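**Student:** Predicted model, plus sequence, below.
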Amino acid sequence: MDSEQLRAQLGSCRFSDLRWVPETGSTNEDVLALARAGEPEGIVVVADHQSAGRGRLGRSWEAPAGSSLLVSILCRPDLAPADAHLVTSAAGVAAVEAVRQVTGVVVRLKWPNDVVVERERATRKLGGILAESLLDGGRLGAVVVGIGINVNWPSEFPDELASIATALNHLTGVPVDRELLLVRFLQGFGHWYDQLGAPGGRAELVTRYREECQTLDHEVRVELAGESFSGRAVGLTEEGHLLVVPDGATDPRIIVAGDVVHLRQR
C-alpha cells in the first residue's frame, strides 16, 4: 500500500502518520512500544496480517492475510483515566460511519466495543475494538486504540466463526476498498476524538453512540468478574456506561466494564 498517497488523502487529520506493514505480531503491541518510547500522538500502524492479534479479555484475533483492516492508533488524550473508554466510543462511532459511507451497509455497535450487523435474526460480528491505556503517575499518558474489521474474506468462514461472524464483501457481494475504508475511518475518528476536548463534545459523542448502539432495548447477559446476570439494556449514562435492569428488578445497574452477550428477543 502507498502510505504517502494515503497521507495526502488524510490531509489535516491529526491521525496521518501512517505506517503500513505487510505483517507484524500485533499492531497494538507495536504502538504500545512507540508510546512507551515517548513517540507523539498521531501514529497509525496498519498491517496486512497479524500473527498474534488480540481482542478483549485476552482473546486471540486471527484473519487471513489481506482480508481485514487491522489498525492501531497512538492517542494522548487530555482525559482522566476513568474517561479513557470514550476513546473506544469515538472509534466505534467512526467505524460504523465509515462502513456506511464506503459500502452503504448499515452496521451497529454492540456495547462496549464490537461492530455488528443483524442478519437472519442473529447478530454477526464484523469487527472489534481494543483500547489499552498507559498511566504515568496516575495520569493518562497514552491510549492505544486498535480496531479490526473483516473486509474481504474468502467465501467460507472457518467452522468456529461461520455462525457468529461476517465480512463486508459477504454483505455487499463485491470486494471492498480497504484503503478508502481506512481513510474514512481515520477522518471520522479524528473528528470524534476532537470532540472529547470541545465544549459539549463528549455529550454529543455519547448521543451518537447511543443512536448507533444495538445493545439498547435488547435482552442481554452481563458477565462480570465473579458474577453474571441477565436483564434488559435500557440506556447509557452521560459517561457512556451501560444501564441494565436485571430480571426481576426494577432499578438499572450501571455497567462500567464487562462482557455483554445479546440474547434472543423474547
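**Tutor:** Here it is on my side, so go on.
**Student:** show me where the stretch 151-266 of the chain has strands.
**Tutor:** Per DSSP state E, counting those that start in this stretch, the stretch 151-266 of the chain carries strands over the ranges 219-224, 227-236, 242-246, 253-255, 259-262.
**Student:** Can you give me every residue that contacts the closest residue to Thr24 other than its chain neighbours?
**Tutor:** Nearest non-adjacent residue to Thr24, counting by Cβ to Cβ, 6 or more residues apart in numbering: Ala47, 4.8 Å away. For every residue, glycine as well, the C-beta is placed using N, CA and C. Counting by Cβ atoms under 8 Å, 6 or more residues apart in numbering, Ala47 touches 20-24, 27, 70.
**Student:** and the helix or strand hosting Ala47, which strands flank it?
**Tutor:** Applying DSSP states H and E as the criterion places Ala47 in strand 43-50. As defined by DSSP bridges, the strand partners of strand 43-50 come to strand 17-24 (parallel), strand 68-75 (antiparallel).
**Student:** out of the ones you listed, nearest to Leu182?
**Tutor:** Minimum separation from Leu182 across those (Cβ to Cβ) falls at strand 68-75, 5.9 Å.
**Student:** next helix or strand past the closest one?
**Tutor:** Downstream of strand 68-75 (by DSSP H and E), the next one is helix 85-103.
**Student:** buried sites along the next helix or strand after that following helix?
**Tutor:** Reading on from helix 85-103 to the C-terminus, the next helix or strand found by DSSP H and E is strand 108-110. By 16 or more other Cβ atoms under 10 Å, the buried positions in strand 108-110 come out as 108-110.
**Student:** Likewise for stretch 166-177?
**Tutor:** Buried, per 16+ other Cβ under 10 Å, within stretch 166-177: 166-171, 176.
**Student:** Which residues does it contact?
**Tutor:** So stretch 166-177 is contacted by 67-68, 99, 102-105, 117, 119, 124-126, 149-153, 157, 181 (Cβ under 8 Å, 6+ apart).
**Student:** which among those residues end up buried?
**Tutor:** By neighbour count, with 16+ other Cβ under 10 Å, the contacts of stretch 166-177 hold 67-68, 99, 102-103, 117, 124, 126, 149-153, 157, 181 as buried.
**Student:** Perfect, that will be all.
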